[in-house]
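Chemist: Provide a 3D model corresponding to the input given below.
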Amino acid sequence: MWIKYNRILLSKVLLLLVILLVGGAAALGCARTGAVPRGWSGGAIADGTLFLGSMDGKLVAVDISDGSQRWGPVTLETSASAGGFGCAPTSTAIAIYGNLAVGEGLFYVGGYDGKIYAFNSSSGALRWIYPRQDVLQPIVGGPLVALGKVYVGCSDGKLYALDAATGDYQWKFQTGGKIWSTPAIDGDTLFIGSFDKKLYALDAADGSKRWEFETEGAIVSTPLIYNNTVYIGSFDRYFYAIDTADGSLNWKFMAENWFWAKPVIYDDTVYAACLDGKVYALDAESGDKLAEIDLESPISSSPVAVDDLIIVASEEGEVYSIYTGDNHKRELMNLEVRVNAPLSASQEVVYIHTQEYEALYALNVQTGVVLWTLPLTSK
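Modeler: The predicted structure is shown next:
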């Protein structure tokens with residue numbers, strides 16, 4: 001079974017790597033290939049609005065009470081030059097893989113075209129782009145807004161810090177591999193994982209390194225910080241608890257496959273969803289396994305905690321609640337469509353972005369009733 005799930009995620013990783021190569025080759029001529037990046041953005045919620053990127057590059061602002069759109073959609077597109085073969089310029093939708101982030105009057109998007117965008121939250125109007133002229137390598141993780149800055153990792157192995165209001169460059173930090181992880185912050189310390197198998201702790205003000213912790217596999221999940229401990233899963237099949245002060249190991253737990261999703265915590269219990277199809281409930285202090293909840297399908301979508309429930313969606317589209325009192329699971333709904341995007345939640349409602357027959361679902365976590373559905377596909 002481990003080999004089966006390993007192949008599933010390996011195909012996902014290889015697809016993104018192939019897209020990197022295809023993108024470079026496409027610049028040589030007019031030929032179009034079938035390897036087109038299609039993102040699986042997670043949403044960001046602020047002031048009753050959910051900001052989300054669709055798989056065809058459209059940005060939407062959704063009223064979470066009824067699913068109506070406040071403005072837009074706004075389409076992110078890039079124009080390809082004619083090249084040397086007499087080809088006409090074409091416009092291509094920009095894939096968005098990471099969560100959007102919301103700050104003071106702005107929301108932020110990391111594009112697969114290698115640019116970071118800031119938009120007005122009220123109108124959807126573009127405020128700034130970084131870089132203005134050149135492009136970075138593809139951005140797969142989401143941005144983080146904190147301390148007046150936007151932090152975003154890139155496939156060039158660098159973590160960038162920009163002024164949140166203007167997009168002006170502040171600093172960058174170089175790792176030894178691609179960054180697909182979304183950064184996390186605790187006080188004035190940033191945490192970011194890299195394909196070089198390391199978790200880094202950086203000074204959020206100037207990007208200087210405070211410490212690094214090395215695993216045996218690439219790190220793409222977003223760190224969770226709780227009680228002076230950073231929790232992170234790796235492609236080495238281990239889940240780690242690391243001291244935030246000095247990067248020393250507190251404990252580690254071995255699963256049957258890789259960790260992609262961000263963990264969640266409730267009442268001193270960490271819930272780590274894994275590509276082996278299981279959610280592991282671990283004691284936050286000791287790492288002891290308290291429960292093993294089998295969803296029988298890989299989990300790449302990051303779960304959310306809603307009151308005393310952990311809400312998790314499998315890649316096959318089955319949505320479960322896990323009651324933290326005794327860790328029993330209950331199926332809320334089977335959407336029967338693929339789910340890779342991280343979940344979002346507000347009060348007793350979870351928001352699910354599906355990748356097949358693309359749509360956004362608002363699901364009541366107590367009753368399992370779908371409150372509304374917003375189709376997102378342009379087909």
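
Chemist: show me where the protein has helices.
Modeler: Under the criterion DSSP state H, the chain contains helices at 2-26.

Chemist: which intervals of it have sub-threshold pLDDT?
Modeler: Low-confidence regions of the chain, defined by pLDDT under 70, span residues 1-37, 79-91, 378-379.

Chemist: Kindly recompute the last result at 90.
Modeler: Judged by pLDDT under 90, the chain has its weakly predicted residues at 1-40, 55-57, 72, 76-93, 132-135, 355-357, 377-379.

Chemist: For it, which residue occupies the most central location?
Modeler: The central residue of the chain, meaning the one whose C-alpha is nearest the mean C-alpha position (CA atoms, centre = their mean), is Gly98 at 4.0 Å.

Chemist: Next, the contact list for that one, please.
Modeler: Each residue near Gly98 by CB atoms under 8 Å, 6 or more residues apart in numbering is listed here: 41-42, 110, 139-143, 182. In this view, the C-beta of every residue, glycine as well, is placed from N, C-alpha and C.

Chemist: What distance do you get for it to Ser194?
Modeler: 15 Å (CB to CB, to the nearest Å).

Chemist: ok, so of the contacts of Gly98, who is nearest Glu316?
Modeler: Lowest distance from Glu316 to the contacts of Gly98 (CB to CB) belongs to Gly42, with 18.2 Å.

Chemist: Nearest residue to the closest one in space, please, no chain neighbours.
Modeler: Distance criterion CB to CB, 6 or more residues apart in numbering; nearest residue to Gly42, sequence neighbours excluded, is Pro342 at 3.4 Å.

Chemist: Correct me if wrong: the one you found contacts Ile311.
Modeler: No - with contact defined as CB atoms under 8 Å, Pro342 does not reach Ile311; the gap is 11.3 Å.

Chemist: more neighbours, those two?
Modeler: Set side by side, Pro342 and Ile311 show unequal neighbour counts under other CB atoms under 10 Å, the larger going to Pro342 at 25 against 22.

Chemist: need the contact list for the more buried one.
Modeler: For Pro342, the contact set (CB under 8 Å, 6+ apart) comprises 42, 99, 261-262, 301-302.

Chemist: And for Gly247?
Modeler: Contact analysis of Gly247 by CB under 8 Å, 6+ apart lists 199, 201, 210-213.

Chemist: again with Glu358
Modeler: Residues in contact with Glu358, defined by CB under 8 Å, 6+ apart, are 54-55, 375-377.

Chemist: Any of the contacts of Gly247 buried? List them.
Modeler: If you count burial by 16 or more other CB atoms under 10 Å, the buried members of the contacts of Gly247 come out as 199, 201, 210-211, 213.

Chemist: mind giving me TSV with those and columns for distance to Gln355?
Modeler: What follows is the buried ones among the contacts of Gly247, written out as TSV (distance: CB to CB, whole Å):
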residue	distance to Gln355
Leu199	28
Ala201	33
Arg210	37
Trp211	37
Phe213	32
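
Chemist: quick one: which of those residues is nearest Glu256?
Modeler: When these are compared for distance to Glu256 (CB to CB), Leu199 wins out at 21.7 Å.

Chemist: How about that closest one: which residues does it bridge to?
Modeler: For Leu199, the beta-bridge partners are Gly193, Phe213 (DSSP bridges).

Chemist: returning to what we had before: going through the contacts of Pro342, which ones are buried?
Modeler: 42, 99, 261-262, 301-302.

Chemist: Can you tell me the closest non-neighbouring residue to Ile225?
Modeler: Spatial nearest neighbour of Ile225, chain neighbours left out: Asp186 (4.2 Å); criterion: CB to CB, 6+ apart.

Chemist: for the one you found, what are its contacts?
Modeler: Listed by CB under 8 Å, 6+ apart, the contact set of Asp186 reads 225, 230, 244.

Chemist: In CSV: the contacts of Pro342, plus distance to Val60.
Modeler: Written out in CSV, the entries for the contacts of Pro342 read as follows (distance: CB to CB, whole Å):
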residue, distance to Val60
Gly42, 13
Asn99, 14
Ala261, 23
Lys262, 23
Ser301, 19
Ser302, 20
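
Chemist: Which of those sits closest to Tyr357?
Modeler: Each of those was scored against Tyr357 by CB to CB, and Ser301 proved nearest at 16.3 Å.

Chemist: what about the closest one, distance to Thr244?
Modeler: In this structure, Ser301 and Thr244 are separated by 26 Å, where distance is defined by CB to CB.

Chemist: can you check Val230 too?
Modeler: Between Val230 and Thr244 the distance is 5 Å, computed by CB to CB.

Chemist: Mind checking which of these two has more residues around it?
Modeler: Between Val230 and Thr244, counted using other CB under 10 Å, Val230 has the larger neighbour count: 23 against 20.

Chemist: Run through the bridge partners of that one.
Modeler: Using DSSP bridges, the bridge partners assigned to Val230 are Ile225, Ile242.

Chemist: Enumerate every residue touching it.
Modeler: Residues touching Val230, when contacts are defined by CB under 8 Å, 6+ apart, comprise 184, 186, 191, 199, 201, 223-224, 241-242, 244.

Chemist: switch the cut-off to 10 Å
Modeler: 184, 186, 189, 191, 193, 199, 201, 213, 223-224, 240-244, 247, 250 (CB atoms under 10 Å, 6 or more residues apart in numbering).
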